[in-house]
Structure formats: C-alpha cells, structure tokens
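Enquirer: The sequence and its predicted three-dimensional model are supplied below.
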Amino acid sequence: MASKPAFAQGAQVEHTKFGLGSVLSCTDDYIVIKFDDHGEKKFVTSIVLPALKKSDRQPPAEKKRATRKKAAPAPATSGAAG
C-alpha cells in the first residue's frame, strides 16, 4: 500500500540551505523542487525531509521570458559567375 507523498505538487516549501521553492513532484523515493534562487533540485525524499518545512507564502508568478525573434538567415548567394 503506497503512502501519501510528504508534499503535494505545487506546495511551497523552505529548505535550510536553498531557501524558498515550489514542489514540482514528490514520491516516496524522490522530491523535485524548483527553488527561487537555485533552480530545480532533486532529492531523496527520506533524506531531505528534515531540512524542509512548509511555507505559507503565495507561489511566485512565473517570469515570462522575453522571446527574441530569430533573424532571418541571409539569402544564399552563389559566387560562381556563368
């Protein structure tokens, strides 16, 4: 019988070393957290649980990345004269 994961997806947590983050996934074996200042980290759930505590903050708004349009490739010109 599988036990309930320690943290639900989307839960806000605070890690003693990495700070605030959002749970991306959590199983009995692994937890993946996206930290505000340190990116995504994957931990062994049983080892990291003592270093985690639930946070009651609101999830941060996803930052929209500015998308730059790729410059159109220059038209290929042949240097061979006929």
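Expert: Now that the structure is in, tell me what you want to look at.
Enquirer: what's the neighbour count on Ser46?
Expert: Ser46: 12 surrounding residues under other CB atoms under 10 Å. No exception for glycine: its C-beta is placed from N, CA and C like everyone else's.
Enquirer: Kindly list the main-chain dihedrals of it?
Expert: When quoted as degrees, to the nearest 10, the phi and psi of Ser46 stand at phi -60, psi -30.
Enquirer: again, but for Lys34
Expert: Dihedral angles for Lys34 - degrees, to the nearest 10 - are phi -100, psi 110.
Enquirer: and the longest strand anywhere in the chain, what other elements does it pack with?
Expert: Counting residues, the longest strand found in the chain (DSSP state E) is strand 19-26. In terms of contacts (3 or more CB pairs under 8 Å, 6 or more residues apart in numbering; DSSP states H and E), strand 19-26 is packed against strand 12-15, strand 30-35.
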